[in-house]
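>>> Whatever this is, show me its structure:
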Amino acid sequence: MAWIDQLIREGEKRVGEIEVVFAEGTSVSADLKRRNISIASRSDDCGLAIRVISKGKIGSSTTNDPRHWEQCLNAAVSSARLATAQPWDGLPKPSEGLAATDTSCNDPAISLEPDAARALLASLLDGSSEHPADVTSGSATLSMSTMTLANSQGLQAESRHTGVSVSLEAIAGQSTGSEFAQSCFMDIDPYAVGERAAFFAARSTGGKDIATGSYDVILSPIAYAELLGAAFVPALSGRNVHARRSRLADRLGEQVMDSRFSLYDDPHREKGLGSTLRDGEGVPARRIDFVENGILKSFAYDLRTAYRYGKTTTGSAVRGGASSGTAIGHHNLVLDGPRDDITQEPAIYVHSVIGAHTANPMNGDFSVEMANAFRMGGGTFSEPVRSAMLAANVFDMHTGIVGISQEVRQIGPLVLPSIRLCGLRVIGK
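Numbers count the residues shown, from 1 in each chain. Sure, this is the predicted structure:
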């Protein structure tokens with residue numbers, strides 16, 4: 001875009017380096033209230049983010065109106081003047097052999113038409129009819145966006161992203177159930193989502209009390225993702241490590257997980273929600289082995305944190321959009337290892353948890369309410385478990401994983417199986 005080139009030229013007159021990110025997107029969504037479409041809408045949005053670096057001083061500014069880029073540039077330059085200088089070794093240059101346009105997460109088959117959203121809702125409702133439960137709410141969204149990244153080092157790149165997501169909530173008596181699915185491609189199964197939400201609502205009725213004690217527990221990918229994201233994932237951030245806000249800070253080279261399992265970020269995973277050629281700063285994305293055969297091998301860094309602490313960026317800068325700036329994150333974080341049927345021996349199955357955000361991010365302790373929990377054995381659910389709490393430690397439980405399921409599920413940037421754990425404390429009656 002000509003105006004982005006002009007913006008960069010103007011910025012170069014005033015600062016040492018400048019980075020420009022412009023994103024624009026369109027989405028079509030429809031919502032259910034009970035079994036009726038309550039609202040359908042189309043929205044268009046855009047955002048501009050400018051980051052400038054002047055003698056190690058970093059300033060930034062954003063706007064939702066790119067026509068006002070001059071004012072946005074002025075604000076970024078002004079914020080740099082007030083910043084404290086830090087070590088800085090430059091924005092990334094163009095990478096030879098890397099395509100300028102990234103279509104890793106782009107599906108031309110996705111159509112932003114109201115009829116497409118309505119068809120997804122209809123399939124959700126059809127699936128929910130498989131069980132005696134009432135639909136309380138649901139949604140379907142289709143989206144398409146483009147993000148352009150350019151900087152004064154000559155880097156110019158574009159990424160195109162599509163998305164489709166559905167969700168449904170159901171109730172049977174006093175019991176509720178919910179499910180969702182999301183993808184960058186038109187490959188989700190809304191019928192299965194509706195069926196699963198109604199199943200959990202209907203099957204959770206008539207729950208029985210459970211005695212307080214130690215139990216084998218199976219965490220679904222959803223429950224596991226909630227706990228993993230609350231403490232373990234933040235502990236892998238280089239920024240948290242050097243700020244002494246990570247329990248893993250001094251444990252490089254040590255065993256932090258059962259030796260059969262590994263945890264890695266795969267930005268090139270086929271159809272991954274976070275698949276990409278470059279990170280949010282334009283650095284070529286690559287696989288990062290955080291935990292290999294149970295041994296902690298690496299932390300995640302973006303440019304700013306890497307330069308500050310004398311490290312090398314791992315291409316781990318992520319953006320939620322142009323106006324959100326960058327943060328240290330991951331693209332497709334995968335738990336991998338030997339897989340098995342972990343549902344044959346008796347255990348407590350937990351579909352989701354309530355209160356994962358209250359987990360202590362420093363030491364990993366948590367106490368959460370189990371939602372849609374069941375006694376399980378022989379590969380099937382038996383009686384539902386009435387309200388009970390699960391108390392453990394996020395870090396310690398990774399050394400106690402005794403098995404992971406054959407099936408995996410992508411939940412945002414996490415690609416996870418169900419996991420089986422021994423001797424977790426369940427607080428019941």
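>>> in this structure, which segments are predicted with low confidence?
Scanning the chain for pLDDT under 70 picks out no residues.
>>> what about the helices in it?
2-12, 69-82, 114-128, 190-203, 221-227, 233-235, 238-242, 303-309, 394-398 (DSSP state H).
>>> List the buried residues of the first one.
Just to be clear, that refers to helix 2-12. Buried residues in helix 2-12, counted by 16 or more other C-beta atoms under 10 Å: 4, 7-8, 11. Bear in mind the C-beta positions are built from the backbone N, C-alpha and C, glycine included.
>>> cool, and the second one?
When burial is assessed from 16+ other C-beta under 10 Å, helix 69-82 yields the following buried residues: 69, 72-73, 75-77, 79-80.
>>> Reformat the helices of the chain as JSON lines; add distance to Gln410.
Formatted as JSON lines, the helices of the chain follow (distance: least, C-beta to C-beta, whole Å):
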{"stretch": "helix 2-12", "distance to Gln410": "33"}
{"stretch": "helix 69-82", "distance to Gln410": "35"}
{"stretch": "helix 114-128", "distance to Gln410": "18"}
{"stretch": "helix 190-203", "distance to Gln410": "14"}
{"stretch": "helix 221-227", "distance to Gln410": "9"}
{"stretch": "helix 233-235", "distance to Gln410": "15"}
{"stretch": "helix 238-242", "distance to Gln410": "24"}
{"stretch": "helix 303-309", "distance to Gln410": "26"}
{"stretch": "helix 394-398", "distance to Gln410": "20"}
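>>> With Val20 as the reference, name the closest of those.
Taking C-beta to C-beta, helix 2-12 is the member of the helices of the chain nearest to Val20, at 5.5 Å.
>>> Go ahead and measure how far the closest one is from the middle of the chain.
Distance of helix 2-12 from the chain centroid (C-alpha atoms, centre = their mean, to the nearest Å) equals 33 Å.
>>> Can you name the residues that contact Gly364?
By C-beta atoms under 8 Å, 6 or more residues apart in numbering, Gly364 lies in contact with 231-232, 235, 247, 393-396.
>>> Now restrict those to buried residues only.
Neighbour-count burial (16+ other C-beta under 10 Å) applied to these gives 231-232, 235, 247, 393-395.
>>> mind giving me the domain ranges of this structure?
For the chain, automatic domain parsing gives the domain ranges 2-201, 207-429.
>>> which one of the buried ones among the contacts of Gly364 sits closest to Gly310?
Lowest distance from Gly310 to those (C-beta to C-beta) belongs to Ala235, with 20.4 Å.
>>> From Arg286, how far off is the closest one?
With distances taken as C-beta to C-beta, to the nearest Å, Ala235 is found 21 Å from Arg286.
>>> repeat for Asp336
17 Å.
>>> Just confirm Ala202 contacts Pro132, I think it does.
Yes. Between Ala202 and Pro132 there is a contact at 5.2 Å, judged by C-beta atoms under 8 Å.
>>> Now do the shared contacts for those two.
Both Ala202 and Pro132 are contacted by Ala172, under the criterion C-beta under 8 Å, 6+ apart.
>>> So for the two, which residue has more residues nearby?
Taking neighbours as other C-beta atoms under 10 Å, Ala202 and Pro132 compare with Ala202 leading, 20 against 12.
>>> what residues are up against the more buried one?
So Ala202 contacts 131-133, 170, 172, 175, 177 (C-beta under 8 Å, 6+ apart).
>>> ok, 7 Å please
Ala202 makes contact with 131-133, 172, according to C-beta atoms under 7 Å, 6 or more residues apart in numbering.
>>> and what of Gln410?
Neighbour list for Gln410: 272-273 [criterion: C-beta under 7 Å, 6+ apart].
>>> and if you look at Asp265?
By C-beta under 7 Å, 6+ apart, the contact set of Asp265 is 287-288, 290, 330-333.
>>> need the strands for the stretch 301-429 of the chain, in chain order.
Applying DSSP state E, counting those that start in this stretch to the stretch 301-429 of the chain gives strands spanning 317-319, 326-328, 333-336, 347-354, 365-377, 380-384, 389-393, 401-411, 414-427.
>>> what pairs with the first one, and is each one parallel or antiparallel?
Listed by DSSP bridges, the sheet partners of strand 317-319 and their directions read strand 326-328 (antiparallel).
>>> List the buried residues for stretch 341-352?
If you call a residue buried by 16+ other C-beta under 10 Å, then stretch 341-352 has these buried ones: 342-343, 347-352.
>>> Repeat that for stretch 123-132.
Of the residues in stretch 123-132, 123-125, 127-128, 131 count as buried by neighbour count, 16+ other C-beta under 10 Å.
>>> Work out the gap between that stretch and the centre of the chain.
Offset of stretch 123-132 from its chain centre (C-alpha atoms, centre = their mean): 28 Å.
>>> Tell me who's in contact with Ala99.
Ala99 sits next to Leu277 when contact means C-beta under 7 Å, 6+ apart.
>>> If you could redo that for Tyr264, that was the one I meant.
287-290, 334.
>>> Most neighbours among those, which one?
Most neighbours among these, by other C-beta under 10 Å: Phe290, with 24 neighbours.
>>> Enumerate every residue touching the residue nearest to that residue when sequence neighbours are not counted.
Spatially, and ignoring its direct neighbours in sequence, Phe290 is nearest to Leu263 (4.9 Å; C-beta to C-beta, 6 or more residues apart in numbering). Taking C-beta under 7 Å, 6+ apart, we find Leu263 in contact with 257, 290-291, 333, 335.
>>> What of Lys429?
Neighbouring residues of Lys429 by C-beta under 7 Å, 6+ apart: 209, 211.
>>> ok, now with 10 Å
Going by C-beta atoms under 10 Å, 6 or more residues apart in numbering, Lys429 touches 209-212, 386-388.
>>> repeat for Val15
Counting by C-beta under 10 Å, 6+ apart, Val15 touches 51-55, 57-59, 73, 76-77, 80-81, 152.
>>> Likewise for Leu32?
Taking C-beta under 10 Å, 6+ apart as the test, what Leu32 contacts is 38-39, 121, 124-125, 128, 135-140, 167-169.
>>> What residues are bridge-paired with Ile288?
Beta-bridge partners recorded for Ile288 (DSSP bridges): Asp265.
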